[in-house]
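Undergrad: make a model of this:
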Amino acid sequence: DLGADYVGPASQDANLEVLWRPATNLGYLGINAAHPPLDNPLVRQAIGHALKAVDYERAAGLIEKNGMLMLRRGELTRLLGWLEQMPEELIKARPWLSIYYAWELLLTGRLDSVEPVLRHAAEAGGEAGRRADLLGHATAIRSHAAATVGDLVRAVDLAHQALELLREEELTVRSVLTFTLGGVYLLRGSLSEARQALEEASAMGLAAGNIHLAVPALCNLANLEVEQGRLRRAEEIYRRAQKLATDARGDPLPAAAGAYSGLGELLYEWNDLEGAAQHLGEGIELGRRWGNVDALAGDYVTLATVYQAQGHLNRALDTLQKAGELVVGHGVNPVTAAMVAASRARFFLVQGDLDRAAAWAQELAVELSGEPLYLRSSEYLTLARVYLALNRFDQALATLQSQQRRAESEDRMGSLIRVLVIHAQVLQAQAEHIQAMAALERALAIAQPEGYVRVFVDEGESMSVLLGEAASRGMAPGYVDRLLPVSYTHLRAHET
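TA: I've put the predicted structure just below:
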């Protein structure tokens with residue numbers, strides 16, 4: 001069967017004929033038969049025959065029996081396709097179908113649809129002996145959904161409630177909850193607690209045979225290392241996750257999407273633009289199969305940044321457009337939508353379209369309030385860049401100072417480098433040359449051991465001038481000498 005992305009190209013190929021069939025009259029049913037229960041040909045035949053014969057009751061029973069195993073094996077797209085063939089009334093009447101459907105919607109980023117499905121599960125009730133399990137699953141789903149949209153207090157409360165409800169042997173869901181708590185601790189800036197929870201979640205996922213939880217937990221650990229400025233350690237963890245998420249033939253599983261994309265971001269920072277584009281492209285292809293539209297939108301944004309650095313501006317804008325289409329068409333969470341908007345604003349800023357960047361900044365300044373969260377940090381930094389371009393230096397400094405305090409208190413050296421780089425440019429624009437060079441010198445000292453490149457180069461001409469001044473003063477001589485040629489190449493590419 002063909003995914004929607006492949007129907008158009010296949011239809012245009014004179015050597016191929018695309019056959020259309022109703023969804024309930026399957027001519028071919030592709031199933032990953034590498035793992036239980038789907039390695040049993042009788043199970044595969046039973047599901048296929050039930051759907052082909054429109055025996056929904058029988059298919060529903062088989063999915064109820066095997067749904068959690070399929071989720072654990074990462075068969076998200078396949079299971080979602082089966083569930084969406086079911087009559088809505090059948091799903092409403094069978095609470096565990098509703099629970100598996102809610103898990104699918106959550107894990108593929110369709111958060112707006114989760115709560116109605118969970119209400120159906122509660123209304124259906126279920127077997128008396130399994131009601132605590134049912135409620136535990138529902139509470140776990142709500143906890144993860146709350147964390148995804150940044151409602152951290154609710155996420156933690158619900159996670160602890162779910163852990164109380166679930167049996168100890170429910171390793172899969174308990175590992176998801178531990179993973180959720182790790183993400184919440186990370187967003188709160190409690191990095192040691194985040195590290196402990198994510199390591200525990202990965203270990204629990206592996207113990208439960210659930211690499212589709214273990215691998216994302218490892219990728220989040222790698223993301224934490226990036227935030228703390230330890231890029232080489234992050235690379236080691238991404239490669240471990242990449243190796244885990246392979247099938248028996250050595251091909252990457254969809255769960256490897258985050259590892260490929262994470263490595264792509266590292267390669268970009270190290271100025272390996274071709275390698276970055278290749279890894280991000282593979283991450284996007286795997287991400288399409290994985291089905292998480294929030295992660296996919298983020299990957300498109302990063303790939304657009306790579307294309308922009310290569311001077312492929314039309315390709316960059318087209319790729320940003322794909323991220324925007326996911327925001328509009330697939331109900332991504334508000335944090336993802338805001339990140340995509342900020343990325344478009346930075347693209348316009350780099351291209352000199354100050355009016356559009358300023359319009360975005362005006363809207364964002366109204367929206368942002370209270371203590372800045374880690375998950376909004378990229379928006380704050382883009383906002384500071386726009387203020388700098390508008391010569392609104394006081395606002396730029398106020399934005400950066402709040403980010404710097406938080407980055408320093410949470411030991412987020414990766415974020416601190418970015419803050420200092422922009423801070424140096426603001427100070428230089430105010431003719432505060434001594435302070436500007438001090439900020440740059442600190443950024444260089446933190447960045448040099450890990451080989452940062454693009455964090456400096458992407459700032460454009462003003463940073464190139466600062467790096468030239470740093471070279472004349474003998475700051476980080478070997479490092480600055482490597483950065484300057486890349487900076488000049490970057491400027492020439494964007495002049496043409």
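
Undergrad: how many other residues sit next to Glu459?
TA: As a burial measure, Glu459 scores 22 neighbours (other C-beta atoms under 10 Å). All C-beta spots, glycine's among them, are computed from the backbone N, C-alpha and C.

Undergrad: dihedrals phi and psi, Asn391?
TA: Phi and psi for Asn391, reported as degrees, to the nearest 10, are phi 60, psi 30.

Undergrad: quick one: low-confidence ranges for the stretch 51-200 of the chain?
TA: Residues of the stretch 51-200 of the chain meeting the criterion pLDDT under 70: 51-54, 72-77, 125-129.

Undergrad: kindly recompute the last result at 80.
TA: Applying pLDDT under 80 to the stretch 51-200 of the chain flags the ranges 51-56, 59-86, 107-109, 124-130, 149-150, 187, 189.

Undergrad: could you pull out the helices for it?
TA: All helices of the stretch 51-200 of the chain, identified by DSSP state H, counting those that start in this stretch, fall at 56-72, 76-85, 88-93, 95-107, 114-124, 131-148, 152-165, 171-188, 191-207.

Undergrad: Thr382: which of those is closest?
TA: Nearest to Thr382 among the helices of the stretch 51-200 of the chain is helix 171-188; the distance by C-beta to C-beta comes to 18.9 Å.

Undergrad: got the angle for that closest one vs helix 131-148?
TA: Helix 171-188 runs at 30 degrees relative to helix 131-148, counting by axes from the mean of the first three to the mean of the last three C-alpha atoms, to 10 degrees.

Undergrad: circling back: now the helices of the stretch 51-200 of the chain as TSV including mean neighbour count and distance to Ala345?
TA: As requested, those are exported to TSV (neighbours: other C-beta atoms under 10 Å; distance: least, C-beta to C-beta, whole Å):
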stretch	mean neighbour count	distance to Ala345
helix 56-72	18	37
helix 76-85	19	32
helix 88-93	15	40
helix 95-107	24	29
helix 114-124	18	30
helix 131-148	22	23
helix 152-165	18	26
helix 171-188	23	22
helix 191-207	19	28
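
Undergrad: select, out of those helices, the one closest to Pro216.
TA: Using C-beta to C-beta, the helices of the stretch 51-200 of the chain put helix 171-188 closest to Pro216, at 7.0 Å.

Undergrad: just the CA coordinates for that closest one, please, in PDB.
TA: Only the C-alpha atoms of helix 171-188 are listed here, as PDB (Å, rounded to 0.1, in the frame of the first residue of the first chain):
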ATOM      1  CA  LEU A 171       6.400  -1.500  32.700                       C
ATOM      2  CA  THR A 172       5.500   0.000  29.400                       C
ATOM      3  CA  VAL A 173       3.100   2.700  30.700                       C
ATOM      4  CA  ARG A 174       5.200   3.200  33.800                       C
ATOM      5  CA  SER A 175       8.200   3.900  31.600                       C
ATOM      6  CA  VAL A 176       6.200   6.400  29.600                       C
ATOM      7  CA  LEU A 177       5.300   8.200  32.800                       C
ATOM      8  CA  THR A 178       8.900   8.300  33.900                       C
ATOM      9  CA  PHE A 179       9.800   9.600  30.500                       C
ATOM     10  CA  THR A 180       7.200  12.300  30.900                       C
ATOM     11  CA  LEU A 181       8.500  13.300  34.300                       C
ATOM     12  CA  GLY A 182      12.000  13.500  32.800                       C
ATOM     13  CA  GLY A 183      10.700  15.900  30.200                       C
ATOM     14  CA  VAL A 184       8.900  18.000  32.800                       C
ATOM     15  CA  TYR A 185      12.000  18.200  35.000                       C
ATOM     16  CA  LEU A 186      14.000  19.300  32.000                       C
ATOM     17  CA  LEU A 187      11.500  22.100  31.200                       C
ATOM     18  CA  ARG A 188      11.600  23.200  34.800                       C
END
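
Undergrad: just name whatever secondary elements it is in contact with.
TA: In terms of contact count using 3 or more C-beta pairs under 8 Å, 6 or more residues apart in numbering; DSSP states H and E, helix 171-188 is assigned the packing partners helix 56-72, helix 131-148, helix 152-165, helix 191-207, helix 211-227.

Undergrad: redo these as JSON lines? Include distance to Tyr268.
TA: Formatted as JSON lines, the helices and strands packed on helix 171-188 follow (distance: least, C-beta to C-beta, whole Å):
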{"stretch": "helix 56-72", "distance to Tyr268": "32"}
{"stretch": "helix 131-148", "distance to Tyr268": "25"}
{"stretch": "helix 152-165", "distance to Tyr268": "29"}
{"stretch": "helix 191-207", "distance to Tyr268": "23"}
{"stretch": "helix 211-227", "distance to Tyr268": "12"}
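
Undergrad: and Ile99, which of the ones you listed is closest to it?
TA: Ile99 lies closest, by C-beta to C-beta, to one member of the helices and strands packed on helix 171-188: helix 131-148, at 4.9 Å.

Undergrad: how far does the closest one sit from the chain's center?
TA: Centre-to-centre, helix 131-148 and its host chain are 21 Å apart (C-alpha atoms, centre = their mean, to the nearest Å).

Undergrad: again, but for stretch 185-198
TA: The answer for stretch 185-198 is 17 Å, by C-alpha atoms, centre = their mean.

Undergrad: kindly report the same for stretch 321-341.
TA: Stretch 321-341 has its C-alpha centroid displaced from the chain centroid by 12 Å (C-alpha atoms, centre = their mean).

Undergrad: show the end-to-end separation of that stretch, please.
TA: Taking C-alpha to C-alpha, to the nearest Å, stretch 321-341 runs 11 Å from one end to the other.

Undergrad: what residues are up against the nearest residue to Gly182 once chain neighbours are set aside?
TA: With sequence-adjacent residues excluded and distances taken as C-beta to C-beta, 6 or more residues apart in numbering, Gly182 is closest to Ala197, at 3.4 Å. Contact analysis of Ala197 by C-beta atoms under 8 Å, 6 or more residues apart in numbering lists 178-179, 181-182, 185.

Undergrad: ok, Val486 next?
TA: 271, 453, 457.

Undergrad: the last one against Asn271, yeah?
TA: Right, Val457. Yes: using C-beta atoms under 8 Å, Val457 makes contact with Asn271 at a distance of 7.3 Å.
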